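1. Below are the sequence and a predicted model; questions follow.
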Amino acid sequence: MSDFLAAQDSAGHEHAQPRSDQNRSLWGDVRYELMRNPVFWVSSVLVLVILSMAFAPQLWAETSPTARGACRLENARVEPSAAHPFGYTNAGCDMWSSLVYGTGKSVIVAILVTIGTVIVGVTLGTVAGYVGGFADTVISRVTDIFFGLPFILGALVFLAIFPDRNVWTLTAVLTMFGWTSLTRVMRGSVISTKQKDYVDAARALGATNFFIIRKHILANSIAPVIVLATIGLGAYISAEATLTFLGVGYQRPTVSWGLLVAEGQNLALAGFWHLLVLPCAFIVVTVLSFILLGDALRDALDPRAR
Amino acid sequence: MSADMTETEQVTEDTGDDVVLEVRDVKKHFPLTRGIVFKRTVGHVQAVDGVTLQLERGETLGVVGESGCGKSTFGRLLMGLERPTAGSIKLLGEEMAGLDARGLRRMRRNIQIVLQDPYSSLDPRMTVGDIVGEPYDVHTDVVPKQDRRKAVQDLLDVVGLNPEHINRYPHQFSGGQRQRIGIARALALRPKILVCDEPVSALDVSVQAQVVNLLERLQDELGLSYVFIAHDLSVVRHISDRIAVMYLGKVVEIGDEMEIYEHPTHPYTQALLSAVPVPDPRLRGHRDHIVLEGDVPSPANPPSGCRFRTRCWKAEDVCAKEEPQLVVRGPSGHLSACHFAEERDVIHAIDIPTSAADDDGSGDPSPGSVAPGPTA
Amino acid sequence: MSEILTETERRSNKSPLSGVSFDGSAPLLEVEDLEVEFHTRDGIAHAVNNVSFTLREGETLGILGESGCGKSVTAQAIMGILDTPPAKVTGGQVRYRGVDLLQLEEKTRRHIRANKIAIIFQDALSSLNPVFTVGWQLGELYRKHAGASRAQAKSKAVELLDLVGIPGAPARINSFPHQFSGGMRQRVMIAMALALEPDIIIADEPTTALDVTVQAQVMTLLSDLQREMRLGLILITHDMGVVADVADKICVMYAGHAVERADVYEIYERPAHPYTKALLESIPRVDQKGQDLTVIKGLPPALVDPPPGCSFHPRCAFARDRCTTDEPPLYEVPGNRLSACHYWEEVLES
Ligand SMILES: Nc1ncnc2c1ncn2[C@@H]1O[C@H](COP(=O)(O)OP(=O)(O)O)[C@@H](O)[C@H]1O
Ligand SMILES: Nc1ncnc2c1ncn2[C@@H]1O[C@H](COP(=O)(O)OP(=O)(O)O)[C@@H](O)[C@H]1O
Ligand code: SF4
Ligand SMILES: [Mg+2]
Ligand SMILES: [Mg+2]
């Protein structure tokens, strides 16, 4: 480096000052934007509540509806009262604790499916977008085919094959039908990142493809995937409920929102409105929270908004 | 120097020690494809089509031409960012085409690139320190890990940035400063050659001089050779020792700065030079104005013979039939690819009565040059 | 040209200009103390401050300055096409033949905008409608504004394309904008601007996106037409070479201020403002070799937070203490020129 040091003494170059003094990375900017957005605060508080219900239901309700003696048939379908504002389920369990303890089953599937689709989507999307050529053609066509399959029908068919259905079967089937949109988004995002000059500059330095993907492509392409995956989390919660409702999801004695809705469907018309409305409201609020959170992220991540 | 330069151009057999880069008949044809599932090639874009030239140690070679003439593709070929369709590129005497991945990586330390767009050439999610230090992540043996920060700060200082700004992000800098960051990154591996693809085109006028002067200073201090690609002929003249004029993938004229600017012989060079505006209103109507008709034809389907003939006012039948070779033509003795190569001074004011010099070159004394210009 | 009088407005038959009396002896366009602000998240950006100039028939005024100095905003304020908000014209007058356009109703302004003052933008592709043919877009102007029939409009369109030197005009009117090259599109833009025979054309960086050879074609065309039709032309550019070739007088802008105004010959020979002088010395010339390029240190200021005093002082080679506190007025310089520098005499002499 000695000749470099020698080169410094050159007269007359003053140090140009950067424009802004705040030292913020792009992610720092995103955080700043999020902090200023009330939608983000509302939705993320709701999401935190939902997640804590999923993973620590005992914080929200004392007894699990599956605990011995928790449900009594004499309480069946008792309507909301001051002592039990959510009333009782058809089986005579406390509705509030059923909903709280049902959260886990719904949310865990959604989280697993999101992890699964993100892994598949980011991997395939990156390969298709970065490698291009034949790999891209194959991946894109397969994606198109899966994208064309009717989601609910396909899921019904597959799930009907499995005799006993649990978290894993649901996750597998939802992932199988859910990876396509993330793959497409990631592919498009990677293609546009790949054309950036800094990728050329890295190639000119002799960087390997793996290095470029790791250092440049992933970080600069992931934003739309994060947004879509967040919104997807909400969508998978309602997908689980839908499939369970249709009879191919969770089975009793598991407690899940979909099962509660299925149960309440018939009885609501008989006058027990809370059996249907309360689980539906939980699902709607949850889905909405994730969609709003996704929207807030999109606004913060979109450089055009600035 | 110019005399034996042309010697070596023609007799490319023996290469002196001073030649750092030797390009011979290099071509890059991009396939034009149709169809999505079953791609078929329906033609080729002849982006670079047979370029031969050399670069000497410490020299600046300017490459000029209209957009779409293949200048950037040529630069990318030199960098190994594109594989040539044909031809040879020798870097410091070593053939690039024959190298495996490791060899290529090693050779890359000798040649680096500065890109045009100061916005897309820096990763927005990395700090300046990470960007300038990236070469050391790729070539881990150059600087030991504990010395990297210091090395990066030295580089920032060399290009006139405050070394304390190592933790800032690119969007906190202006265009000119970002270009300096790009230059620092390119210098990190201490290359012998820098390919600059329109390094100042995207900058404000008052900032261009800062970067041009920086490049000149670095050349003096580090003994760099430059391939300076630009469409601004004024900047190219200022910085270059020799200039290659490209048209539709071919070099149509090459020579030292005096030969190209004061004694151009190719009609395309003459037209380009005469179109460059000069910031001096007194020259109004006293300059030789050659107004070319139309635009550059598509490189997917270039004209036969001389590629410039469709816009050339001198063209005759032979131009369509026979491709003019790049050989020494005219008294100044530099290479030109025109059947009717003839010197014409286009950048200096011609002192003739204002009335006669209205819009075209009708006052031009050189015989055979018909005044062109389609305008009313 | 995008705004066009609606059918009803034309039918209502009362000329939108009724009640407006132009003074034929007044200059074509007088801009006086124009001020434009932008309300942004970071504060108020003073994009145009006290800018004044006059344009007469057959005259070409060059507005010169770096990007972000307020050239386009000035042009848009004259045209009345600023987006308000965020922009706000906070002061000054824009007089067309003695009538202050800023005081007119929107309807009247739109009429003047279509018929008297036209603008050409740098990016022709985005100023043309991609889904209509070029001929249709040209003809539309005649149908809407002059009430021409389809056939008349079509023949007018051909005539115009011919005028701007597009070869094979009768066939080309059926092409879409993207089927033209950059230079040809800029010719189409010029044709659109000329369609309703305006008195003034504002060309905002018309050749910045073009190659030099094509730039030469377009500039030759523009100045030929300007001379023939005795148009007032405002040529906005950052290229000192382009204006030197065609302008009669120059207005140099820096950070939203008009810092120097003078006849083109004088300003290039003996600039009276340090910024103009530094710019001229910092650009290489194609007809010279071995010049030392003078570097203008630093960057143009942010318009939200301009430096106190003279906004050029942090970069100025002539600056003294006074420059950091007193904002220089436009001093009158002999030879009918103006310079916003306290030390203009020194600059002239250096
Ligand atoms: N990757 C590519 N694929 C196909 N055509 C290309 C590619 N890169 C460049 N070209 C074409 O090659 C020609 C030369 O381009 P380029 O080298 O960028 O010219 P310049 O830098 O002189 O403007 C252009 O016509 C361009 O469209
Ligand atoms: N839409 C806008 N919002 C906020 N500020 C703007 C907007 N448009 C222009 N400005 C401000 O006005 C200044 C002048 O812009 P402009 O006239 O476009 O510059 P130029 O001289 O390059 O044409 C800019 O530096 C910017 O601060
Ligand atoms: S060879 Fe012919 S067509 Fe080509 S430049 Fe010379 S005269 Fe013109
Ligand atoms: Mg290029
Ligand atoms: Mg502008």
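-> Happy to help now that I have it. Ligands and ions are numbered 1, 2, ... in the order given.
2. Any stretches of chain B with poor pLDDT?
-> For chain B, applying pLDDT under 70 flags the ranges B:1-17, B:36-38, B:349-376.
3. which parts of it sit against ligand 3?
-> B:266-267, B:306, B:308-309, B:312, B:314-315, B:319, B:324, B:338-340 (C-beta under 6 Å from any ligand atom). Placement of C-beta: from N, CA and C, glycine included.
4. Quick one: the strands in chain C, in order.
-> Remark: strands assigned in chain C by DSSP state E are C:29-40, C:43-55, C:60-64, C:87-96, C:99-100, C:117-120, C:200-204, C:232-237, C:249-254, C:257-263, C:331-333, C:337-339.
5. and if you look at the stretch 201-350 of chain B?
-> Secondary structure of the stretch 201-350 of chain B (DSSP state E, counting those that start in this stretch): strands at B:225-229, B:242-247, B:250-256, B:327-329, B:334-336.
6. For residue C:317, find the nearest of the ones you listed.
-> strand B:225-229 (28.3 Å; C-beta to C-beta).
7. Tell me the strands beside the closest one, with direction?
-> Note on strand B:225-229: by DSSP bridges, its sheet partners are strand B:60-64 (parallel), strand B:193-197 (parallel).
8. The nearest residue to residue B:257 once chain neighbours are set aside: what's it in contact with?
-> If the residues on either side of it in the chain are set aside, residue B:257 comes closest to residue B:240, at 5.6 Å by C-beta to C-beta, 6 or more residues apart in numbering or on different chains. Neighbour list for residue B:240: B:60-62, B:228, B:257 [criterion: C-beta atoms under 8 Å, 6 or more residues apart in numbering or on different chains].
9. how much space between residue B:240 and residue C:128?
-> 38 Å (C-beta to C-beta, to the nearest Å).
10. Likewise for residue B:30?
-> As for residue B:30, its distance to residue C:128 is 29 Å (criterion: C-beta to C-beta).
11. Can you pick out the residue with more neighbours from these two?
-> Legend: neighbour count by other C-beta atoms under 10 Å in any protein chain shown for residue B:30 and residue C:128, higher for residue C:128 (22 against 16).
12. rewinding a little: state the distance from the residue nearest to residue B:257 to residue C:181.
-> As judged by C-beta to C-beta, residue B:240 and residue C:181 stand 29 Å apart.
13. follow-up on the earlier one: would JSON lines of the strands of chain C with distance to ligand 2 be doable?
-> Formatted as JSON lines, the strands of chain C follow (distance: least, C-beta to the nearest ligand atom, whole Å):
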{"stretch": "strand C:29-40", "distance to ligand 2": "4"}
{"stretch": "strand C:43-55", "distance to ligand 2": "3"}
{"stretch": "strand C:60-64", "distance to ligand 2": "8"}
{"stretch": "strand C:87-96", "distance to ligand 2": "7"}
{"stretch": "strand C:99-100", "distance to ligand 2": "22"}
{"stretch": "strand C:117-120", "distance to ligand 2": "12"}
{"stretch": "strand C:200-204", "distance to ligand 2": "7"}
{"stretch": "strand C:232-237", "distance to ligand 2": "7"}
{"stretch": "strand C:249-254", "distance to ligand 2": "7"}
{"stretch": "strand C:257-263", "distance to ligand 2": "12"}
{"stretch": "strand C:331-333", "distance to ligand 2": "24"}
{"stretch": "strand C:337-339", "distance to ligand 2": "19"}
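14. Is it correct that residue B:212 is in contact with residue B:201?
-> No: Residue B:212 is beyond contact range of residue B:201, at 11.5 Å (criterion: C-beta atoms under 8 Å).
15. which of the two has more neighbours?
-> Legend: neighbour count by other C-beta under 10 Å for residue B:212 and residue B:201, higher for residue B:212 (22 against 14).
16. Grab the most central residue of chain A for me.
-> In chain A, the centroid-proximal residue (C-alpha atoms, centre = their mean) is residue A:233; its distance is 2.8 Å.
17. Give me the secondary structure label for that one.
-> Following DSSP: H, G, I helix; E, B strand; the rest coil, we place residue A:233 in the helix state.
18. same question, residue A:293
-> On the basis of three-state DSSP, residue A:293 is classed as helix.
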